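Colleague: Have a look; sequence and predicted model below, questions after that.
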Amino acid sequence: MIKIGIVLGRRGDRVARWVHERAVDRADAEFELMDHPLPDPAAPPADHHEDASVQEWAEAVGACDGFVFVTPEYDHSLENVIGHAHAEWADKAAGFVAGARAVEQLRLVCGAVRLADVSAQVTLPPAAEFEPDEDQLDALDAVLDQVVAWSTALAPVRQGDAEAEIKAKLGLIIEGLRAKDLEVLKGVYAPDVVSFDVEPPLQHVGLDAKLANWAKVFTFFEKVDYELRDLTLTVSADLAVGHGFGRVSGTLRDGTAVDGMWVRATFVLRKREHGWQIVHDQASVPFDMATGRGVTDLRP
């Protein structure tokens, strides 16, 4: 089921509750009021790209498929909210329950981040004068209808973009191994990555442990190559799972060419502030039940 975030400006809590109470009765989407404890809107977003609250907000935006922006008056706060994420807004739908000037300005901002703004809107008077009537209720239903419909229709576009980004990210593993460059590999994995590899221990926890494992490979190989075949990806919001077959091969330090072995490879990725990162991976081989030994000569 798609997820729609109800995003507040600095004013409008009462209106947002009205939107949420109406929305949660629907069966075609999940709706969530979104809190955004972000830095001062007077400060440029770029100054806070390492701020934990900004990363948390970007992840929350990434988990949604569409949005309803709520603000009775235009006060720049929603520009701040949108500016502290970027790629996470792309190819999603946006509707407005807002003051007339706020809607006018926010439609321009949405275009800059590839948010598809729907035509229906609820135009609000100042917050102190807000008393919802039947006309506004009908208008709200129209906004929710269109946001849900557009968010659903854009899902294949979002998935296509995500798959391309993920394949490019996994391609960095090949690039980093061939170049024996740990800095390239560092950008692939999340700081809290957990890796189940074919060699002990049972798990490698954290980025340093994962990079140490690859560094060990470099001590054995003069030249390294990596292949990834039959990759299948499933993407949902900010989470993706992939599986395929991987093989490390190359030339050892003594000049011996090594074909390596094919392993079953699984990847779990999350979309965070700096793009998709691997949070878990696993490499494994089947084992012979009679001997208890791994079978390493199989090919995909």
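Modeller: Thanks, I have the structure now. Since we're looking at a predicted model, the values are computed, not measured. Numbering: from 1, shown residues only.
Colleague: Pairing partners for the longest strand seen in the chain, with directions?
Modeller: Longest strand in the chain by number of residues (criterion: DSSP state E): strand 221-236. Strand 221-236 pairs in its sheet with strand 239-252 (antiparallel), by DSSP bridges.
Colleague: pLDDT below threshold where in this structure?
Modeller: 10-12, 36-51, 74-77, 126-130, 273-274 (pLDDT under 70).
Colleague: these two touch, right, residue 287 and residue 298?
Modeller: No: counting by Cβ atoms under 8 Å, residue 287 stays clear of residue 298, with 11.3 Å between them. Just so you know, the C-beta spots here come from the backbone N, C-alpha and C atoms, and that holds for glycine as well.
Colleague: phi, psi of the residue nearest to residue 180 when sequence neighbours are not counted?
Modeller: Closest residue to residue 180 apart from its sequence neighbours, by Cβ to Cβ, 6 or more residues apart in numbering: residue 218 at 4.9 Å. Backbone torsions of residue 218, given as degrees, to the nearest 10, read phi -60, psi -30.
Colleague: got it, and residue 160?
Modeller: phi -60, psi -40.
Colleague: Now for it: which residues touch it?
Modeller: By Cβ atoms under 8 Å, 6 or more residues apart in numbering, residue 160 lies in contact with nothing.
Colleague: Distance of it relative to residue 233?
Modeller: 11 Å (Cβ to Cβ, to the nearest Å).
Colleague: Please apply the same query to residue 164.
Modeller: Distance from residue 164 to residue 233, by Cβ to Cβ: 10 Å.
Colleague: Same question for residue 117.
Modeller: 29 Å.
Colleague: Of these two, which one has the most company?
Modeller: Set side by side, residue 117 and residue 233 show more neighbours around residue 117, with 22 against 17, by other Cβ atoms under 10 Å.
Colleague: tally of neighbours for residue 185?
Modeller: Residue 185: 20 neighbours (other Cβ under 10 Å).
Colleague: Which residues are in contact with the nearest residue to it once chain neighbours are set aside?
Modeller: Excluding the flanking residues, the one nearest residue 185 by Cβ to Cβ, 6+ apart is residue 176, at 3.9 Å. Listed by Cβ under 8 Å, 6+ apart, the contact partners of residue 176 are 182-185, 188, 214.
Colleague: give me that answer again for 10 Å
Modeller: 182-188, 211, 214, 224, 226 (Cβ atoms under 10 Å, 6 or more residues apart in numbering).
Colleague: And these, which of them are buried?
Modeller: 184-186, 188, 211, 214, 224, 226 (16 or more other Cβ atoms under 10 Å).
Colleague: hey, where'd the helices end up in the chain?
Modeller: Secondary structure of the chain (DSSP state H): helices at 13-23, 52-62, 77-83, 100-112, 134-153, 155-179, 182-186, 207-220.
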